[in-house]
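[1] Take a look and give me a structure for this.
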Amino acid sequence: MTLGFDMGAEQKTPAASSSYTWYSPLGILKYAINNNWTIAGRVEHYNDKKGVIVSTGTPNGFQTTGYSLNIDFAPIKNVLIRLEGRSLNSKDPVFKKGNNAIKNNTFITSSIALSL
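    Here you go, the predicted model:
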């Protein structure tokens, strides 16, 4: 299990004494089925109302919650193959689908990673 919390701030203007802040809590549960296979689920929230890190131009900024589930296969020590499903849900329509802005984005990705 992993629990995390990131937070940052940016001064509003060079002469300002106040800042815009953003934060992102997350939780990950990972289970090793055996030496080659693991599964994991992740939940995270990103709150950047003022667009410090992610500028959207929307009234609520970037306030998005994400959920993911992945399965990993490590056929040998330095190779990892991943299949992941992910869903992102935002307070404002910040994602694109064709010519439309939408609030939700769901997708499946795969990857192969090699470490030396």
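
[2] Tell me which stretches of the protein form helices.
    With DSSP state H, there are no helices along the chain.

[3] Tell me where this protein has strands.
    2-11, 19-32, 37-48, 62-73, 79-90, 95-97, 100-102, 104-114 (DSSP state E).

[4] Switch those over to JSON lines; also include mean neighbour count, mean pLDDT and distance to Thr56.
    Just so you know, the C-beta spots here come from the backbone N, C-alpha and C atoms, and that holds for glycine as well. Shown next, in JSON lines, are these (neighbours: other CB atoms under 10 Å; pLDDT from 0 to 100; distance: least, CB to CB, whole Å):
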{"stretch": "strand 2-11", "mean neighbour count": "11", "mean pLDDT": "93", "distance to Thr56": "16"}
{"stretch": "strand 19-32", "mean neighbour count": "14", "mean pLDDT": "96", "distance to Thr56": "12"}
{"stretch": "strand 37-48", "mean neighbour count": "16", "mean pLDDT": "97", "distance to Thr56": "8"}
{"stretch": "strand 62-73", "mean neighbour count": "17", "mean pLDDT": "97", "distance to Thr56": "5"}
{"stretch": "strand 79-90", "mean neighbour count": "15", "mean pLDDT": "97", "distance to Thr56": "8"}
{"stretch": "strand 95-97", "mean neighbour count": "12", "mean pLDDT": "93", "distance to Thr56": "10"}
{"stretch": "strand 100-102", "mean neighbour count": "11", "mean pLDDT": "94", "distance to Thr56": "9"}
{"stretch": "strand 104-114", "mean neighbour count": "11", "mean pLDDT": "97", "distance to Thr56": "13"}
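
[5] can I get those in CSV with distance to Ser55?
    As requested, the strands of the chain are arranged in CSV below (distance: least, CB to CB, whole Å):
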stretch, distance to Ser55
strand 2-11, 12
strand 19-32, 11
strand 37-48, 9
strand 62-73, 8
strand 79-90, 14
strand 95-97, 14
strand 100-102, 14
strand 104-114, 17
